[in-house]
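# Structural data only, the sequence is not supplied:
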């Protein structure tokens, strides 16, 4: 497991606070992004910070954002400006014997980079691939993109060559003098569960719920 600063991909992608929780392995970064699905996309424009949660898909060693070509963030990224994308999954609430030592078990990733616009036939194909990545097993269950949809949508590619993860696991880390206090301490786990698929209200009779929805998430 790559945890030391000299294994970080860059200076700005180096975990400094609680550095022992850093993990720079690509496999760790990829797994967190794949499960999180939603990233907070942050930019600075005209001296002002902007942040927006967006659905993100990872394909190989790059992540993809898509949105309206008129979106302020999308236009900013299309121009090749810097961006930071953060992902977080909470796995449990850590209860300690003092409020200052309460914490959370989590897995997080921060990505730094520049966006590149994807165009042409590659854009159309990747937009399909993004859907298949987010909804595994659904390939072939959609119509083709309409020309006006492709015109209205921008697709941004961001490489994962400046990404770092940070992970906390385990129980509370109380002060030694607090362990004997008459207060409960431990972890309240948080699990992620997908429910039973709900058919659209206007779904024609005779269309059965597909396996990819019943057993979501299938692995591609």
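Okay, I see it. What you see is a predicted model; the values in this text were computed from it and never measured. Residues are numbered from 1 along each chain as shown.
# now for the longest strand anywhere in the chain, which elements pack on it?
Within the chain, and with DSSP state E defining each element, the longest strand by residue count is strand 82-95. The elements that strand 82-95 packs onto, with contact taken as 3 or more Cβ pairs under 8 Å, 6 or more residues apart in numbering; DSSP states H and E, are helix 26-36, strand 38-45, strand 103-114, strand 186-189. Where C-beta positions appear, they are placed from N, C-alpha and C, glycine not excepted.
# between the first one and strand 82-95, what angle do the directions make?
Okay, so that is helix 26-36. 80 degrees (axes from the mean of the first three to the mean of the last three Cα atoms, to 10 degrees).
# what's in contact with helix 26-36?
For helix 26-36, the external contacting residues (Cβ atoms under 8 Å, 6 or more residues apart in numbering) are 1, 23, 39, 56, 58, 61, 63, 87-89, 107-109, 160, 163-165, 167, 192.
# Measure how far that helix is from the centre of its chain, please.
Averaged C-alpha coordinates place helix 26-36 at 8 Å from its chain's average position (Cα atoms, centre = their mean, to the nearest Å).
# Run the angle between the longest helix belonging to the chain and helix 26-36 for me.
Assignment by DSSP state H gives helix 120-134 as the longest helix of the chain. Between the axis of helix 120-134 and that of helix 26-36 there is an angle of 80 degrees, by the same axes, to 10 degrees.
# Who are the packing partners of helix 120-134?
strand 57-59, strand 62-68, helix 147-152, strand 153-159.
# a markdown table for these, including mean pLDDT, distance to residue 197 and mean neighbour count?
Below are those laid out as a markdown table (pLDDT from 0 to 100; distance: least, Cβ to Cβ, whole Å; neighbours: other Cβ atoms under 10 Å):
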| stretch | mean pLDDT | distance to residue 197 | mean neighbour count |
| --- | --- | --- | --- |
| strand 57-59 | 97 | 21 | 19 |
| strand 62-68 | 97 | 24 | 20 |
| helix 147-152 | 97 | 25 | 11 |
| strand 153-159 | 97 | 26 | 21 |
